[in-house]
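Enquirer: structure, please.
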Amino acid sequence: MVNKGFCDGGHAKKIVQMLFFFFFGAQFLYVYSGYIVFQFINMVVGAFSFFYIYKFIHRNVFLLVICLAIFATLTTLISFKYKIGDVVFAITMPFFAMLLFLYRKELTLPAIIYACITTCYCGYAIIMGWDLNTQLFLSSSRNYISVLGIFSLYCVIISEAKNYIKFVLFILVFLVILYSGSRSAFISFLFVLFFWGVQFSKKHKLSFFCFFLLCLAFFLFIMQEYFSLVYDYIYNSLSVVRRLDAGELSDSGRYNVLKCYYDKLNIMSVFLGLDYFSNNTCSFLANGTDNPHNSFIRLYANLGFFSFVIIGFIIWSLFSLLLAGKYFLAGFLLCFVFRGGTDIIFFFQSWDAYLYSIMFISLPMFFLNGRGKEKLKH
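Expert: Below is the predicted model:
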């Protein structure tokens, strides 16, 4: 049994903050080094989170976790992959997601430090001209610049950090993503930018309208007088622009994976997932490894029929956020979805916690009990 003194009051707040530090630190170090021990640390943190959220969650959360565990276990067995880590992440990440949701004050300092370390390290690498695919991380590509940047910024946004801190980090993360050369990161972050503008315009209509007109006039003047100069500078400075200009929205490997899975789609895969009975050759077509470069293909492969339930929750969450006027968070949700559609980020990894947390934030009446709803008010 866990000592109740460590699950209530001041002790609980300190330990929760410690859990955030451990989780964020392990994520960053795993991306940097590739050492599996950091994944294990995140599993342990996720499991330990349960003791600080179980009093506040509705039985629907337990039902969700049970279904995730059952389907994840079933599909890993019938696909002959035996990925126990996937099952553990499927069980533990919803618990850490609820910790993110319920302890916003304790989240503030760890989230700010996480975002600052990410932007400073990646920004330094970009300024110094490092090869972002080989010199930045020991075992990860430059795509993880945006993964770290987007998720660390999201944690700051949902925390109780001061607005000026959120704004500064928002600008810094955007610049890092812009210069990272990642096409999918740049496009996905546009959702965040767009919906931030929508939310700002709702609160400050006159200021936003004047600012928009000023920017539009300035933009038209620049385009008329210095278009070729500006375009050449952007083209030569930002690799993401060169890649988009060349029509490289995707690559043939990702297309081949999608086509292969589409050709193999049948009634069995609807219930048992895409990789049943070792039918997983398609996922190797992108780069020769078991990586289909699409989180939602991995979702379907790992959860089978239950994946449709998760998709349903994502759609429900999006509409709930839009109807509640939480456009900024809606932008993050769309950003997560688009980013997950171009790489293996979710299902099942430690990053799942961020997607689940935005679902919990969107649907508190469904996932929190009476005590949980009271906690949100304080």
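Enquirer: neighbours of the spatially closest residue to Ser33 that is not a sequence neighbour, how many?
Expert: Once flanking residues are discounted, Ser33 sits nearest to Leu138: 5.4 Å by Cβ to Cβ, 6 or more residues apart in numbering. Where you see a C-beta, it was placed from the backbone N, CA and C, and this is true even at glycine. Applying other Cβ atoms under 10 Å, we find 11 other residues in the vicinity of Leu138.
Enquirer: quick one: Leu138 is in a helix?
Expert: No - counting by DSSP: H, G, I helix; E, B strand; the rest coil, Leu138 is not part of a helix but coil.
Enquirer: ok, it - contacts?
Expert: Leu138 sits next to 32-34 when contact means Cβ atoms under 8 Å, 6 or more residues apart in numbering.
Enquirer: equivalent analysis for Leu355, please.
Expert: Contacts of Leu355 (Cβ under 8 Å, 6+ apart): 97, 314, 336, 340, 346.
Enquirer: closest one of the residues you listed to Cys260?
Expert: Nearest to Cys260 among the contacts of Leu355: Gly340, at 19.5 Å, using Cβ to Cβ.
Enquirer: touching, the closest one and His293? I think so.
Expert: No - in this structure Gly340 lies outside contact range of His293 using Cβ atoms under 8 Å: 10.4 Å.
Enquirer: and the nearest residue to Pro110 once chain neighbours are set aside, what's its pLDDT?
Expert: Of all residues beyond its chain neighbours, the one nearest Pro110 is Phe20 (3.7 Å), with distances taken as Cβ to Cβ, 6+ apart. Looking at Phe20, its pLDDT is 97.
Enquirer: now do Tyr114
Expert: For Tyr114, the predicted pLDDT is 96.
Enquirer: do the same with the one 5 residues further on
Expert: We have a pLDDT of 94 for Thr119.
Enquirer: next, count neighbours for it.
Expert: Residues near Thr119, counting by other Cβ under 10 Å, number 24.
Enquirer: got it, and Gly129?
Expert: 8.
Enquirer: how near is it to Tyr32?
Expert: Between Gly129 and Tyr32 the computed distance is 19 Å (Cβ to Cβ, to the nearest Å).
Enquirer: any idea how far the nearest residue to Gly340 once chain neighbours are set aside lies from Phe306?
Expert: In space, and not counting its chain neighbours, Gly340 is closest to Ser295: 3.5 Å by Cβ to Cβ, 6+ apart. Look at Ser295 and Phe306: by Cβ to Cβ, they are 15 Å apart.
Enquirer: can you check Val156 too?
Expert: Val156 is 32 Å from Phe306, by Cβ to Cβ.
Enquirer: over to Ile150?
Expert: Separation of Ile150 from Phe306 (Cβ to Cβ): 26 Å.
Enquirer: and what of Phe174?
Expert: 35 Å.
Enquirer: and Asp86, by the same measure?
Expert: Here Asp86 is placed at a distance of 14 Å from Phe306 (Cβ to Cβ).
Enquirer: pick out whichever of Val156 and Phe306 has more residues nearby.
Expert: Val156 (24 against 21).
Enquirer: name the residues of stretch 188-205 that are buried.
Expert: By neighbour count with 16 or more other Cβ atoms under 10 Å, stretch 188-205 contains the buried residues 188-189, 191-192, 195-199, 201.
Enquirer: equivalent analysis for stretch 315-335, please.
Expert: Those would be 317-318, 320-322, 326-335, for stretch 315-335 by 16+ other Cβ under 10 Å.
Enquirer: again with stretch 114-133
Expert: 114-116, 118-119, 121-123, 125-126, 132.
Enquirer: try stretch 137-156
Expert: For stretch 137-156, burial by neighbour count (16+ other Cβ under 10 Å) applies to 137, 140, 142-156.
Enquirer: can you check stretch 15-22 too?
Expert: Neighbour-count burial for stretch 15-22 flags 15-17, 19-20, 22 (criterion: 16+ other Cβ under 10 Å).
Enquirer: repeat that for stretch 357-367.
Expert: Neighbour-count burial for stretch 357-367 flags 357-363, 366-367 (criterion: 16+ other Cβ under 10 Å).
Enquirer: just these now: which is nearest Arg104?
Expert: For the buried residues of stretch 357-367, the nearest to Arg104 is Ile361 (9.7 Å; Cβ to Cβ).
Enquirer: was I right to think the closest one contacts Leu329?
Expert: Yes - using Cβ under 8 Å as the test, Ile361 is close enough to Leu329 to be in contact (6.6 Å).
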